[in-house]
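Participant: Got a predicted structure plus its sequence, pasted below:
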Amino acid sequence: MPTMNLEIVTAERRVFSGDDIIALIAEGSEGQMTILPKHASLMTMLVPSELVIRRASGDEIYMAITGGFIEVKPDRTIILADACERSDEIDIDRAAEAKRRAEERIKDMTSEIDRSRAEAALRRSMARLRVADKRRKTPGRRSPVNPPVQN
């Protein structure tokens with residue numbers, strides 16, 4: 001089974017590194033995409049959403065990303081993320097509170113700039129909650145908690 005190398009990095013750290021990836025599902029500026037080994041080269045923006053990483057072992061890893069860029073080459077994919085959290089790193093209470101605050105701001109908005117910021121905050125918090133929810137709903141799935149990156 002063909003595999004590819006995947007690196008996910010932020011300005012602060014390397015979030016993920018693996019060379020046994022059989023699929024990556026991400027949401028770009030033009031919509032959701034699935035990257036498979038030997039995919040055609042591309043570069044695009046990523047929007048706040050969930051990343052799903054499928055390993056050759058059958059494990060699935062869920063992450064929340066706040067945006068960034070993805071560069072795909074036939075044998076390697078690199079994500080330069082604004083911020084990215086593994087499902088086990090997400091503070092559910094904090095994400096739920098951020099969602100509530102963003103929804104309140106959207107209701108009370110008059111300025112388009114403020115509205116755009118509030119909507120972006122809502123998208124980020126909802127992505128984090130979706131990823132955290134998958135961790136809670138899949139206790140029997142292999143590798144529900146992502147191991148830390150080994151250097």
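Facilitator: Structure received.
Participant: Tell me the confidence at Asn146?
Facilitator: On pLDDT, Asn146 comes in at 40.
Participant: ditto for Gly18
Facilitator: 96.
Participant: Work out the gap between the longest strand seen in the chain and the centre of the chain.
Facilitator: Longest strand of the chain, by residue count under DSSP state E: strand 14-28. Put simply, strand 14-28 sits 9 Å off its chain's centre (Cα atoms, centre = their mean, to the nearest Å).
Participant: What about the closest residue to Leu36 other than its chain neighbours, how many residues nearby?
Facilitator: What sits nearest to Leu36 in space, not counting adjacent residues and going by Cβ to Cβ, 6 or more residues apart in numbering, is Ala23, at 5.7 Å. Using the backbone N, CA and C atoms, a C-beta is placed for each residue, glycine as well. For Ala23, the tally of surrounding residues (other Cβ atoms under 10 Å) stands at 17.
Participant: show me the contacts for Ala23.
Facilitator: 34-36, 52-54 (Cβ atoms under 8 Å, 6 or more residues apart in numbering).
Participant: out of everything not next to it in sequence, what's closest to Ile61?
Facilitator: Ile53 (4.2 Å).
Participant: one step back: can you dump the C-alpha coordinates of the longest strand of the chain into CSV?
Facilitator: In CSV, the C-alpha atoms belonging to strand 14-28 read as follows (Å, rounded to 0.1, in the frame of the first residue of the first chain):
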residue,chain,number,x,y,z
ARG,A,14,6.0,20.6,15.0
VAL,A,15,2.5,19.2,15.6
PHE,A,16,2.7,16.0,13.6
SER,A,17,5.2,14.0,11.6
GLY,A,18,4.6,10.7,10.0
ASP,A,19,5.6,8.7,6.9
ASP,A,20,2.9,6.1,7.0
ILE,A,21,0.0,8.2,5.9
ILE,A,22,-2.5,6.8,3.4
ALA,A,23,-5.0,9.7,3.3
LEU,A,24,-5.4,13.3,4.6
ILE,A,25,-8.7,15.0,4.6
ALA,A,26,-8.6,18.8,4.9
GLU,A,27,-10.7,21.8,4.0
GLY,A,28,-9.1,24.3,1.6
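Participant: other SSEs contacting the helix or strand where Ala98 lies?
Facilitator: Assigned by DSSP states H and E, Ala98 belongs to helix 92-107. Helix 92-107 makes packing contacts with helix 112-137 when contacts are defined by 3 or more Cβ pairs under 8 Å, 6 or more residues apart in numbering; DSSP states H and E.
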